[in-house]
Structure formats: structure tokens, C-alpha cells
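In: Only the shape, not the letters, is given here:
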Ligand code: NAP
């Protein structure tokens, strides 16, 4: 198995549709032992129930906007697992009203929240988890979307947060590379999760993607999970600071159709 003997932390499981859960399933299938987190009591039961499928999991609370919870998470992971080989960050949030209408109307508070939860949290998490990976090296993976480098309708402030997240991936990769720690992002095509449902018009986005992506289908949770298993494994040991697209090839398209009636 690809990840036999490896230990990882997965942050961002809300329910069985979460991309983080797809990743947890893939890396666990490949032999990794996991610590998984839940945000607040509301999600604890969900995560505990899902974690029954994992082998000897450690289940811990973590709100990524709270430094004291991140500190406690690092301490608990050290206590329970000793060290880590990889960290998966699959967390994002923006106020619902910011994911509709014009980006130009974004509020200061809406901008701050999106950046804090969806972008800074990667750096906040990395700061605490690097000491647990330093001895042997490791891999950090985050989740991003095409709405960062390009404009996608209604993605708005979340697109700006993803652009900052992708820049963080590059800066973190440069800082941590000398310590043997790699940092990469997976840019997933749209998948209907709770977070995605907050984006106005997600069903139309899924249909557009299905019609125009080279593979002519939507992205599946398990495809993202398997790509993450690659990125946290030694198979990707020469890859850092990069964004791996798992989107049926959608991002390579410049113009999808000349005659809309033909597709
Ligand atoms: P999801 O199942 O709703 O997962 C998002 C997770 O972020 C939830 O577990 C959520 O918990 C958590 N979260 C939000 N605020 C948090 C906080 N302050 N502290 C800790 N956790 C917090 O949706 P998902 O689609 O799998 O999202 C995972 C990642 O994939 C996100 O970065 C998203 O942008 C990215 N992504 C998704 C798609 C897609 O189409 N689904 C495409 C590309 C990239 P709560 O439910 O409690 O808020």
C-alpha cells in the first residue's frame, strides 16, 4: 500500500460528500492512519460516525479561525500520534450574500472572513504542524478552485481567497522545501458539497462543466481523494509549490463552443 506506516491529519470533513472525506477514504485505503477534525459540536457526531470506517482514528475539534484550538490540535496530535507525515487542508467559508451578484459589492467583513477561513487558515495550520513533520519531511495539500486564477460567475470573494491560497502554497513551498516538506494544491472541478451549495448557480455550473470539460463529465469525490493520496505519497516527491487540476481537464479550455446549439 502506498501510504503504509504514514500518519496524516485531515481538516475539513463536514459529511460524507466532503472532499476531505473522499481524501480520508483514499489515504486510509492506502494504509495511512489518520487524525480527523470537526468544527464545533454540530459536526462532531457526523465525523465520529464516518470515522468508524477508518482504522484507529484520532478525532479532534478544530475551528481554524481560533489560534487556541489550532495550538490544542497540534498538542493533541503530538500526544496521540507522535509525528505526522502529511496534512490535508480542505476548509473554506464565505458569507452567503457574497457569493451572488457583483464582486464589486464585496463588504470589508465579507472579504476578511473569506480570507481568514479559506486562505490564512492554511498558513495557521502549517505553522503548528511543521514541527510534527520536520524530523522526516512531509507533505501538505490544500484544495483550491479555478475561480482563483480565473473569473467564474458568483465565485466572487471566494475566488480572491483562492488566489491568495494558491500564492500561500508557493510561499510555503519555498519556506518549507529546505526542511523536506512539500506544499501543493489540488484544484478540483465543481462537486456538490455543502460549501459548493453556497455558490449561487452551482447546478448550472455542474452542467456547464459536464458539457465542456474534455472528459465530458463532472469531477468525482474519489478522483480528488486519489490525487491527494498521490500528493501525500513518495510518488510525488519531486513536486512542490504546484497546483494539480482534477477537473476532467476543464481548465485547459479557452473557448468551449462556437455553435452553442451544436453541443
Ligand atoms: P464541505 O464539505 O462543506 O467542506 C468544507 C469544510 O470547511 C467543512 O467541513 C466546514 O465545516 C469547514 N470549515 C468552514 N469553516 C471552518 C472553520 N472556521 N474551521 C474549521 N473548519 C471550517 O465542502 P467541500 O467542497 O468539500 O470543501 C472542501 C474544500 O474544497 C474547500 O476549500 C473548497 O473551497 C474546496 N473546493 C471545493 C470544490 C467543490 O466544488 N466542492 C471545488 C474546488 C475546491 P462547517 O460545515 O462546519 O462550516
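Out: Nice, I can see it. Everything numeric here is computed off the predicted structure, so don't read it as measured data.
In: Would you mind naming what in this protein lies close to the ligand?
Out: Applying CB under 6 Å from any ligand atom, we find that the chain lies next to the ligand at 12-14, 18-20, 39, 43, 62-65, 90-93, 117, 143-145, 188, 190-191, 193-196. Every residue, glycine included, has its C-beta placed from N, CA and C.
In: Buried ones from these, can you make that a ChimeraX selection?
Out: Buried members of the residues of the chain next to the ligand, defined by 16 or more other CB atoms under 10 Å, are picked up in ChimeraX with:
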select :12,13,14,18,19,20,39,43,62,63,64,65,90,91,92,93,117,143,144,145,188,190,191,193,195,196
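In: in the protein, which spans are strands?
Out: 7-11, 33-38, 58-61, 86-89, 138-144, 181-188, 243-246 (DSSP state E).
In: Looking at those strands, spot the one closest to residue 103.
Out: Proximity to residue 103, assessed across these by CB to CB, is greatest for strand 138-144 (17.6 Å).
In: partner strands of the closest one, parallel or antiparallel?
Out: If you go by DSSP bridges, strand 138-144 pairs up with strand 86-89 (parallel), strand 181-188 (parallel).
In: for the chain, which spans come out with low pLDDT?
Out: The chain contains residues with pLDDT under 70 at 260-263.
In: that older thread, now the strands of the chain in CSV, with distance to residue 73?
Out: Formatted as CSV, the strands of the chain follow (distance: least, CB to CB, whole Å):
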stretch, distance to residue 73
strand 7-11, 8
strand 33-38, 7
strand 58-61, 6
strand 86-89, 11
strand 138-144, 15
strand 181-188, 18
strand 243-246, 26
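In: Ok, which of these comes nearest residue 214?
Out: Closest to residue 214 of the strands of the chain is strand 243-246 (CB to CB; 11.1 Å).
In: Return the distance of the closest one from the chain's centre.
Out: Offset of strand 243-246 from its chain centre (CA atoms, centre = their mean, to the nearest Å): 11 Å.
In: Direction included, what does it pair up with?
Out: Applying DSSP bridges, strand 243-246 is found paired with strand 181-188 (parallel).
In: The partner strand: how far from the chain's middle?
Out: The answer for strand 181-188 is 8 Å, by CA atoms, centre = their mean.
In: From the rest of the structure, what touches that strand?
Out: 19, 126, 130, 133-134, 137-146, 148, 165-166, 169, 172-173, 176, 219, 224, 227-228, 231, 236-237, 239-247, 251 (CB atoms under 8 Å, 6 or more residues apart in numbering).
In: Any chance you could list what contacts stretch 80-90?
Out: Under CB under 8 Å, 6+ apart, the answer for stretch 80-90 is 3, 6-13, 18-20, 23-24, 27, 32-33, 35, 58, 77, 121-122, 125-126, 129, 132-133, 135-136, 138-143, 228, 232.
In: Give me the buried subset of those residues.
Out: 3, 6-13, 18-20, 23-24, 27, 32-33, 35, 58, 77, 121-122, 125-126, 129, 132-133, 138-143, 228, 232.
In: which residue sits closest to residue 173, ignoring its sequence neighbours?
Out: With sequence-adjacent residues excluded and distances taken as CB to CB, 6 or more residues apart in numbering, residue 173 is closest to residue 241, at 3.3 Å.
In: And residue 2, by the same measure?
Out: Per CB to CB, 6+ apart, closest to residue 2 is residue 30, 4.1 Å.
In: Based on its surroundings, how many neighbours for that neighbour?
Out: If you count neighbours by other CB atoms under 10 Å, residue 30 ends up with 18.
In: Could you do residue 239 as well?
Out: 15.
In: residues in contact with it?
Out: 182, 184, 231.
In: from memory the last one sits against residue 142, does it?
Out: So that's residue 231. No. Taking contacts as CB atoms under 8 Å, residue 231 lies outside contact range of residue 142: 10.0 Å.
In: one step back: most tightly surrounded among the strands paired with strand 138-144?
Out: strand 86-89 (a mean of 27; mean count of other CB atoms under 10 Å).
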